[in-house]
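Chemist: Quick check, what structure comes out for this input:
(2 chains)
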Amino acid sequence: MLVGEDDKLQRNLLLSAIIIFSLIVPHAHGNEKLVIKKLLHRAAIQLIAATNICLWDYIGEQACASMFTPEGQKKRKLLKAVNNLVCSTPCGSAAPFNFIVKSGKEEPAYFNLAGGHKIASTQLNGLGTPIYINIDLFFKKSYLGSYEPLGMAEMSSLIFHELGHQLGYTDHLYLDQLAEEITQKLPQERRLYHEIVIAKKHVYLDEYTTWNGSHRSSSLVLNLTNALVDLSPYINEKLQAIQFCKEISLKKPFWHTKNLHWVDNEVTSQGTHISLKGFLQVGCLWKLYDNVSTLVDGKFQFQFLLKPTPNDPAQFVLSDINLRIDHRIDYKDE
Amino acid sequence: MNKFSSSYALSLFLILFCSPSIIFAGNEGLNGGGPAEINIVKAYSRLENNLKKCLNDPFFCSPLSRTSPLARTLLDNFSREGNSVDKLKFIKDENFPYYEEESAEKLTAYTAAQVGAPFYFNLKKIYSDKNGIHRPISLKNAAYLLIKMLATHHDSFTYKEIHSLAADMRTLFATSFDHIKYASWSKPILTIARYKKNQLMKSNLYLQLSPGEVINLHQPLLYKLDTMAICDVMERESVLRNPYWSSARNQQYELHISLSTRCWPSAKWQQTHLTLSFDLNENSLRSVKMVLAL
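Modeler: Alright, predicted model coming up:
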């Protein structure tokens, strides 16, 4: 065999290996992976709330980490360490985690560990290393029959478990048991299904409420199956625009929702209109002291316009959002 | 030839180096949570509360499960069974020593016939391989399995009693609850429970007036549905959704709920609207009115 032919063969080999390799590496579920990462970021925020509640409630009947027992103190140590990891400084939002979403079927080496099949994995004692999430096990069948992502409490538990490993804890059962105890403390998340079904998945809204000791605040996320829409910034912007809190440099608005429900949808030539109604309790918060200064009850209504995508009529895109807030302003405290 | 094999080795090395899955193969540094183990821990820690719920609510538990002393016995002995960290043991299939009595098949789970005995689970059997994806045992099936295992710690119960309670608990664990209030300051809470029984979707309504006082609206709702003569309860599917309060003033409350029903195996859903109004007097219920309209 000639040397030149060797080189050619070797180049071809390398090229075909690279092509085969790039075919093996999954490029699918791009959008889904983005949605999962966004959901996990929310779950990290919920985990802050859950660990906070547990660290404060140390004498309550259902206390998850009593400071008066050796077992409780052991738990508090782990809860504090996780709380530190999950908070950005100062603890106003979740730290930026490196979540890497992979398929356990395509890359089993990340999730088939120690004789078991994992939904998430990370490096033991590897603070700051990536947390791998198994997309194959991330979706579950709901009672309505469509596949939906894990609930917030389940995601928070997973993050807690993985951070426990990063902190050097190896006992899976201990981490799962404590994760279950703390996520039980989370206010219940509500999932409001709309009757619209797109690509065999339901359109729904998730409502989460957190309490930070001085005030309760909600967040709303609309799930259109192929996209997540965070509705909270719309409400925040509207409240800023109407200058709900007078001393805007010193105070910021906060809110939580109640009695959320869908209003009958309407189909026009423009697309499908769906509306969401509810009550809004709005308050103003002193930026410096975290003290509540005003509380006002109001109502709100979101209107969404969904249009079928040009290349796939079974998929919808959100083409318009309209928000109306009616509030009865009480200036007593202003 | 030498040159060819060295270049070949180099390209092979490059491919190996580029592939993260091969780098991590057998990497003991990675550690993670197993979803089946998580579901079993979760089911075990919720078992006590759900057993109490079963005993108190005819909607979830059949007459047999509620009259049999099994649920009460399991509850009374629960504190002696131990916490999940010491109790639940997950073992690799190759190390799992328990076999079915009459076959060479390994068991899914094993416990000795004694209160407080640990529960051993076969890590392979609590997952099922579906097209290469290892699906974990669900929360509801974990609850079913746990009830059966706890029952083996007591020898005085029939298979029928054990199966009935385990099946009812499986349903209860698969139920989704939706709790809604009018506003933060209002007291009554409406709860909607939704679950599947024998593949049929079912819903129920509860009204909580105070923490200790819960009114189960199952019977009045059944009565309303029967007056519409849609079909027999056994083949009727009903889904309650989109509930909201329209008023909560001067102790007078009004609620609206969408109710979809169909008679299995018909595919056609009938949409109705349920209005519930009630008066409260000193936190006790004075009158309830339920109106079902097309």
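Chemist: And the strands in the stretch 201-334 of chain A?
Modeler: A:201-211, A:216-223, A:228-230, A:251-267, A:272-286, A:292-308, A:316-327 (DSSP state E, counting those that start in this stretch).
Chemist: Throw the ones you listed into JSON lines and include distance to residue B:48, mean pLDDT and mean neighbour count, thanks.
Modeler: C-beta coordinates here come from the backbone N, C-alpha and C atoms, glycine included. Listed next are the strands of the stretch 201-334 of chain A as JSON lines, based on distance: least, CB to CB, whole Å; pLDDT from 0 to 100; neighbours: other CB atoms under 10 Å in any protein chain shown:
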{"stretch": "strand A:201-211", "distance to residue B:48": "26", "mean pLDDT": "83", "mean neighbour count": "20"}
{"stretch": "strand A:216-223", "distance to residue B:48": "29", "mean pLDDT": "86", "mean neighbour count": "20"}
{"stretch": "strand A:228-230", "distance to residue B:48": "36", "mean pLDDT": "85", "mean neighbour count": "15"}
{"stretch": "strand A:251-267", "distance to residue B:48": "31", "mean pLDDT": "88", "mean neighbour count": "18"}
{"stretch": "strand A:272-286", "distance to residue B:48": "35", "mean pLDDT": "90", "mean neighbour count": "20"}
{"stretch": "strand A:292-308", "distance to residue B:48": "37", "mean pLDDT": "86", "mean neighbour count": "17"}
{"stretch": "strand A:316-327", "distance to residue B:48": "44", "mean pLDDT": "89", "mean neighbour count": "14"}
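Chemist: got a list of contacts for stretch A:31-49?
Modeler: Stretch A:31-49 is contacted by residues A:82-83, A:86-87, A:91, A:93-95, A:97, A:99, A:101, A:133, A:135, A:138, A:149, A:152-153, A:155-156, A:158-160, A:186, A:208, A:210-212, A:219, A:221, A:226-228, A:230 when judged by CB atoms under 8 Å, 6 or more residues apart in numbering or on different chains.
Chemist: Show the buried residues in these.
Modeler: With burial judged by 16 or more other CB atoms under 10 Å in any protein chain shown, the buried subset of the contacts of stretch A:31-49 is A:82-83, A:86-87, A:94, A:97, A:99, A:101, A:133, A:135, A:138, A:149, A:152-153, A:155-156, A:158-160, A:186, A:208, A:210, A:219, A:221, A:226, A:228.
Chemist: Could you check how many residues crowd around the residue nearest to residue B:175 when sequence neighbours are not counted?
Modeler: With CB to CB, 6 or more residues apart in numbering or on different chains as the criterion, residue B:175 has its nearest non-adjacent residue at 4.0 Å, and that residue is residue B:195. The number of residues packed near residue B:195 is 21, by other CB atoms under 10 Å in any protein chain shown.
Chemist: beta partners of residue B:195?
Modeler: Beta-bridge pairing for residue B:195 (DSSP bridges): residue B:202.
Chemist: list the contacts for it?
Modeler: A:143, B:171, B:172, B:174, B:175, B:176, B:201, B:202.
Chemist: Kindly recompute the last result at 6 Å.
Modeler: B:171, B:174, B:175, B:202 (CB atoms under 6 Å, 6 or more residues apart in numbering or on different chains).
Chemist: Could you find which two of those are furthest from each other?
Modeler: Greatest spacing in the contacts of residue B:195, by CB to CB: B:174 and B:202 (10.8 Å).
Chemist: Neighbour count for the two, which is higher?
Modeler: The neighbour comparison of residue B:174 against residue B:202 (other CB under 10 Å) goes to residue B:202, with 21 against 17.
Chemist: hey, where'd the strands end up in the stretch 1-150 of chain B?
Modeler: Under DSSP E, counting those that start in this stretch, the stretch 1-150 of chain B gives strands at B:30-33, B:88-91, B:109-110, B:119-122, B:127-130, B:133-136.
Chemist: of all of the stretch 1-150 of chain A, which residue lies closest to chain B?
Modeler: As assessed by CB to the nearest CB, chain B sits closest to residue A:121 within the stretch 1-150 of chain A, at 3.1 Å.
Chemist: Please, which helix or strand holds that residue?
Modeler: Using DSSP states H and E, residue A:121 sits in strand A:120-123.
Chemist: List of residues touching that strand?
Modeler: Applying CB under 6 Å, 6+ apart, the contact partners of strand A:120-123 are A:110-111, A:129, A:131-133, A:158, A:162, A:165-166, B:29-30, B:32-33.
Chemist: Can you pull the poorly scored residue ranges out of the stretch 101-250 of chain B?
Modeler: B:229-230 (pLDDT under 70).
Chemist: separation between the closest residue to residue A:236 other than its chain neighbours and residue A:220?
Modeler: Spatially, and ignoring its direct neighbours in sequence, residue A:236 is nearest to residue A:253 (7.0 Å; CB to CB, 6+ apart). Per CB to CB, to the nearest Å, residue A:253 is found 15 Å from residue A:220.
Chemist: Ok, residue B:58 next?
Modeler: According to CB to CB, residue B:58 stands 36 Å off from residue A:220.
Chemist: Then residue A:108?
Modeler: Using CB to CB, we find residue A:108 at a distance of 37 Å from residue A:220.
Chemist: circling back to that earlier point, make a markdown table from the strands of the stretch 1-150 of chain B and add distance to chain A and mean neighbour count to it.
Modeler: As requested, these are exported to a markdown table (distance: least, CB to the nearest CB, whole Å; neighbours: other CB atoms under 10 Å in any protein chain shown):
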| stretch | distance to chain A | mean neighbour count |
| --- | --- | --- |
| strand B:30-33 | 3 | 25 |
| strand B:88-91 | 6 | 18 |
| strand B:109-110 | 15 | 22 |
| strand B:119-122 | 10 | 21 |
| strand B:127-130 | 5 | 13 |
| strand B:133-136 | 4 | 20 |
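Chemist: coming back round to it: following the strand holding residue A:121, which helix or strand comes up?
Modeler: Using DSSP H and E, the next helix or strand after strand A:120-123 towards the C-terminus is strand A:131-134.
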